[in-house]
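Below are the sequence and a predicted model; questions follow.
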Amino acid sequence: SQQGEEDPQALSIQEGENATMNCSYKTSINNLQWYRQNSGRGLVHLILIRSNEREKHSGRLRVTLDTSKKSSSLLITASRAADTASYFCATDAWFGQNFVFGPGTRLSVLP
Amino acid sequence: GAVVSQHPSWVICKSGTSVKIECRSLDFQATTMFWYRQFPKQSLMLMATSNEGSKATYEQGVEKDKFLINHASLTLSTLTVTSAHPEDSSFYICSAREKRQGGDLAKNIQYFGAGTRLSVL
């Protein structure tokens, strides 16, 4: 079964609003990463958070990690139409093991 | 950031033919490359892991004789879909893990190609 499960599966917001996506996983991890995928394109790495970190920022992105709850959240502040994409979390249990991707959250930012 | 080039971006072929997809890391060495398959509105499913100079490791349910993977160098891996059929039509994405010298095993970032859309008629 999937290691990462994103929630919600689809999210529609107005430009300027904040978007929050959640990811839950099942086993212990080394790190968790968030990726963005524009329709019909490859994935773009957004941010990595290690298991010993609780929060990380990158521009308008804020990622939190709660290892006790085995969950992570991705917050996009002041969203733009260009943020419209699918967002995936991927977990990495240890170096060398393969990523396991969640089903993704499809974000639509309306102008 | 690191760049992974995937070619072709779109291919249409007749049923029964073979299609080769290339994945190149342009500005870094990648000891490991991954091949994923993605159906519309679904997540990526790992097909196989390719290590330079050794045989690929296939995920359960993926036919190794159907999806031939070659990783001949630190910058190139190829996926060949042999005797393609309409059910093989999908979006195939490769990724490469950067070979890091020394330290930080926690930084296991994969860089993805733009994907190849395969349509088998």
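Alright, I've got the coordinates.

All the strands of chain B, in order from the start?
Remark: strands of chain B, listed N- to C-terminal, are B:4-7, B:10-13, B:19-25, B:30-38, B:44-51, B:57-58, B:67-73, B:76-81, B:90-98, B:110-112, B:116-120; assignment by DSSP state E.

what stretches of chain A score poorly on pLDDT?
Scanning chain A for pLDDT under 70 picks out A:1-5, A:93-98.

Close to chain B: what parts of it are there?
Within chain A, the positions adjacent to chain B are A:2, A:30-31, A:33, A:35, A:40-45, A:48, A:50, A:88, A:90, A:92, A:95, A:98-104, A:106 by CB under 8 Å from any CB of the partner chain. C-beta: built from backbone N, CA, C; applies to glycine.

hmm, which of those residues are the buried ones?
With burial judged by 16 or more other CB atoms under 10 Å in any protein chain shown, the buried subset of these is A:30-31, A:33, A:35, A:41-43, A:45, A:48, A:50, A:88, A:90, A:92, A:98-104, A:106.

out of the residues you listed, which are inside strands?
Counting by DSSP E, the members of those that fall within strands are A:31, A:33, A:35, A:43, A:45, A:48, A:50, A:88, A:90, A:92, A:100-101, A:106.

Residue 12: how many residues sit nearby?
Just going to use chain A. Other residues within reach of A:Ser12 by the criterion other CB atoms under 10 Å in any protein chain shown amount to 12.

that's the other chain; I wanted chain B
The criterion is other CB under 10 Å. On that basis, B:Ile12 has 11 neighbouring residues.

That one and B:Leu121, how far apart?
Per CB to CB, to the nearest Å, B:Ile12 is found 7 Å from B:Leu121.
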